[in-house]
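Asker: Just a sequence and a predicted model for now, questions to come.
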Amino acid sequence: MTVRRSAAALATTAVLLGAAAPSAVAAPSPSPSVELPAGLYGTTDPAYDGVWRQSLAFLAQKIEYVTPSTRAVDWLVGQQCDSGAFTSYRDASQPCDSSTVMDTNATAVAVQALVEIDQHREDANNGADWLKSVQNEDGGWGYNPGSPSDANSTSIVVGALARTGVPINEVTTPHGNTPYTALQSLALPCGDEDGGAFAYQPGKKGELTANLDATAASVLGLMGKGIASGTSNAVKDPVCTKGDDLGPEQSAQNGAFFLADTLRKKPYLEQPPMPGAEDTAPQPDYGNTADAVVALAASGHKDKAEASVAWLEKHATGWSKAGGPAATAQLILAAHATGADARAFGGVDLVKQLNAMGPSPAATALPSPTPTGPQPSSGTGSDDSGLGLGWLIGIGLLVGTGIGFLLSMRRKKQQP
């Protein structure tokens with residue numbers, strides 16, 4: 001898990017299990033010591049995940065034809081520094097300076113969100129330019145500029161660059177390394193134990209240890225896809241291919257093979273027990289399971305994720321409510337990627353739940369879209385009202401004809 005997800009997981013698990021989060025890892029407080037901004041989603045302390053949860057909320061709303069309010073969008077844009085970078089969360093009344101801790105993950109997810117909602121494209125491009133400027137020599141990115149590359153950070157940056165139209169193969173270092181170079185260096189060879197999986201980072205001696213969260217992220221990254229990827233129309237059996245000269249697509253398929261094989265044995269992923277917890281048994285990892293579902297669907301293995309989606313419907317809706325906007329958004333993305341109805345997911349309307357966690361949306365529409373049906377477009381315009389041209393056309397057709405959504409453009413697919 002990333003630090004941000006670990007903190008959120010600790011806070012959510014504490015809510016669900018009645019356990020106290022250990023002081024060694026600061027989790028978001030259920031009762032923040034500062035007054036929360038009016039445009040922010042969620043009620044917990046945003047210090048670690050303010051930009052993250054806001055951006056995930058926008059991504060999930062967009063695929064469900066919900067336009068976030070102008071106030072919410074303005075809050076997110078206001079978090080950006082002049083350089084183009086975002087922090088995890090900052091007091092926007094104070095300028096960014098040399099002491100401001102820039103966050104590649106927050107920047108990348110915010111860029112993806114702004115592109116998807118088709119607003120403030122110049123700000124999204126500025127964020128993408130900053131991300132390119134802090135690329136590590138190995139081709140990847142760390143959590144903060146200059147920190148060692150990791151699979152999760154590199155993958156989410158790839159998604160951001162791809163969504164802004166940047167050819168990933170052209171994002172090279174002076175020695176010719178690309179983001180794909182960095183990700184493939186973390187792949188465990190097929191035939192070995194946990195073959196096909198990806199490590200988060202190499203160990204102290206260069207050893208690679210399979211990491212489920214990093215594997216799900218790397219599958220998307222190696223395909224040049226963002227978080228809100230939807231599903232691939234091609235359905236195929238996952239295969240783990242041996243070789244030292246694999247392309248990014250095949251390395252992604254190897255990762256999908258590992259995820260599918262893991263979920264075949266049990267329809268959910270697990271995480272180790274929290275330090276100090278009374279129950280020492282591994283706990284279900286709802287967030288990583290949802291991420292794995294998205295990765296499998298995006299790589300053409302939606303059928304291998306069906307049992308996991310059914311398990312999420314049965315067990316994860318309480319987690320999503322306790323986990324707030326980011327957790328609810330993760331379930332919406334998983335539902336959308338596999339064709340499940342996010343508005344009736346385990347008896348819960350996840351879209352309504354997410355909308356209630358922030359300012360009232362500028363616009364919303366029914367019915368819930370499907371991953372193979374008309375998709376929201378990702379243009380380059382900006383509209384302060386939050387209602388773009390594609391929305392106006394779609395809503396006009398809905399009202400005028402009464403025959404459902406006939407939006408004129410499908411969402412632009414990412415290219416590796």
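Answerer: Okay, I see it. Residues are numbered from 1 along each chain as shown.

Asker: Could you report the neighbour count for Pro273?
Answerer: Neighbour count of Pro273, defined by other Cβ atoms under 10 Å: 15. Where C-beta positions appear, they are placed from N, C-alpha and C, glycine not excepted.

Asker: ok, it touching Gln283?
Answerer: Yes. Between Pro273 and Gln283 there is a contact under Cβ atoms under 8 Å: 6.3 Å.

Asker: residue nearest the centroid of this structure?
Answerer: Centroid-nearest residue in the chain, with Cα atoms, centre = their mean: Ile227, separated by 4.0 Å.

Asker: shared neighbours, Pro273 and Gln283?
Answerer: By Cβ atoms under 8 Å, 6 or more residues apart in numbering, Pro273 and Gln283 have no common neighbours.

Asker: can you map out the strands along the protein?
Answerer: Assigned strands in the chain, in chain order: 66-67, 270-271, 283-284, 363-364 (criterion: DSSP state E).

Asker: Please work out the average pLDDT along the second one.
Answerer: When you say that, I think you mean strand 270-271. Averaging pLDDT along strand 270-271 yields 90.

Asker: Give the pairing partners of it; include direction for each.
Answerer: Using DSSP bridges, the strands paired with strand 270-271 are strand 283-284 (antiparallel).

Asker: ok, now the last one?
Answerer: Looking at strand 363-364 with DSSP bridges, its paired strands and their directions are strand 66-67 (antiparallel).

Asker: how far does the strand it pairs with sit from the chain's center?
Answerer: 18 Å (Cα atoms, centre = their mean, to the nearest Å).

Asker: follow-up on the earlier one: most tightly packed of the strands of the chain?
Answerer: Comparing these by mean neighbour count (mean count of other Cβ atoms under 10 Å), strand 66-67 comes out on top with a mean of 24.

Asker: Would you state the helices of the stretch 301-416 of the chain in chain order?
Answerer: 306-315, 317-323, 325-338, 350-355, 389-401 (DSSP state H, counting those that start in this stretch).

Asker: Just the angle for the longest one relative to helix 306-315, thanks.
Answerer: The directions of helix 325-338 and helix 306-315 differ by 140 degrees, with axes from the mean of the first three to the mean of the last three Cα atoms, to 10 degrees as the criterion.

Asker: Nearest approach to Ser83 belongs to which of the helices of the stretch 301-416 of the chain?
Answerer: For those, proximity to Ser83 was assessed by Cβ to Cβ; helix 325-338 is nearest, at 24.9 Å.

Asker: what packs against the closest one?
Answerer: helix 3-17, helix 50-63, helix 286-298, helix 306-315, helix 317-323, helix 350-355 (3 or more Cβ pairs under 8 Å, 6 or more residues apart in numbering; DSSP states H and E).

Asker: Among those helices, single out whichever gets nearest to Ala334.
Answerer: Comparing the helices and strands packed on helix 325-338 by Cβ to Cβ, helix 286-298 comes nearest, at 4.1 Å.

Asker: mind exporting the closest one as PDB, just the C-alpha atoms?
Answerer: C-alpha atoms of helix 286-298 as PDB (Å, rounded to 0.1, in the frame of the first residue of the first chain):
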ATOM      1  CA  TYR A 286     -11.300  -4.200   0.400                       C
ATOM      2  CA  GLY A 287      -9.400  -1.400  -1.300                       C
ATOM      3  CA  ASN A 288      -6.800  -3.600  -2.900                       C
ATOM      4  CA  THR A 289      -9.400  -6.100  -4.000                       C
ATOM      5  CA  ALA A 290     -11.300  -3.200  -5.700                       C
ATOM      6  CA  ASP A 291      -8.000  -2.100  -7.400                       C
ATOM      7  CA  ALA A 292      -7.300  -5.600  -8.500                       C
ATOM      8  CA  VAL A 293     -10.800  -5.800 -10.100                       C
ATOM      9  CA  VAL A 294     -10.200  -2.700 -12.100                       C
ATOM     10  CA  ALA A 295      -6.700  -3.900 -13.200                       C
ATOM     11  CA  LEU A 296      -8.200  -7.300 -14.300                       C
ATOM     12  CA  ALA A 297     -11.100  -5.600 -16.200                       C
ATOM     13  CA  ALA A 298      -8.800  -3.100 -17.900                       C
END
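
Asker: Save the strands of the chain as TSV, and put in distance to Gln54 too.
Answerer: Below are the strands of the chain laid out as TSV (distance: least, Cβ to Cβ, whole Å):
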stretch	distance to Gln54
strand 66-67	14
strand 270-271	25
strand 283-284	26
strand 363-364	18
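
Asker: Quick one, which of these gets closest to Ala160.
Answerer: Once the strands of the chain are compared by Cβ to Cβ, strand 66-67 is nearest, at 21.0 Å.

Asker: coming back round to it: please tabulate the helices of the stretch 301-416 of the chain in JSON lines, including the columns mean pLDDT and distance to Tyr180.
Answerer: Listed next are the helices of the stretch 301-416 of the chain as JSON lines, based on pLDDT from 0 to 100; distance: least, Cβ to Cβ, whole Å:
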{"stretch": "helix 306-315", "mean pLDDT": "97", "distance to Tyr180": "27"}
{"stretch": "helix 317-323", "mean pLDDT": "96", "distance to Tyr180": "32"}
{"stretch": "helix 325-338", "mean pLDDT": "97", "distance to Tyr180": "23"}
{"stretch": "helix 350-355", "mean pLDDT": "98", "distance to Tyr180": "33"}
{"stretch": "helix 389-401", "mean pLDDT": "36", "distance to Tyr180": "32"}
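
Asker: Please identify the deepest-packed of those.
Answerer: helix 325-338 (a mean of 28).

Asker: Let me know the angle separating that helix from helix 286-298.
Answerer: 30 degrees.

Asker: Give me the angle between helix 325-338 and helix 50-63.
Answerer: 30 degrees.

Asker: Just the buried residues of the longest helix seen in the chain, please?
Answerer: Ranked by residue count and defined by DSSP state H, the top helix of the chain is helix 248-265. Residues of helix 248-265 classed as buried: 248, 250-263 (neighbour count, 16 or more other Cβ atoms under 10 Å).
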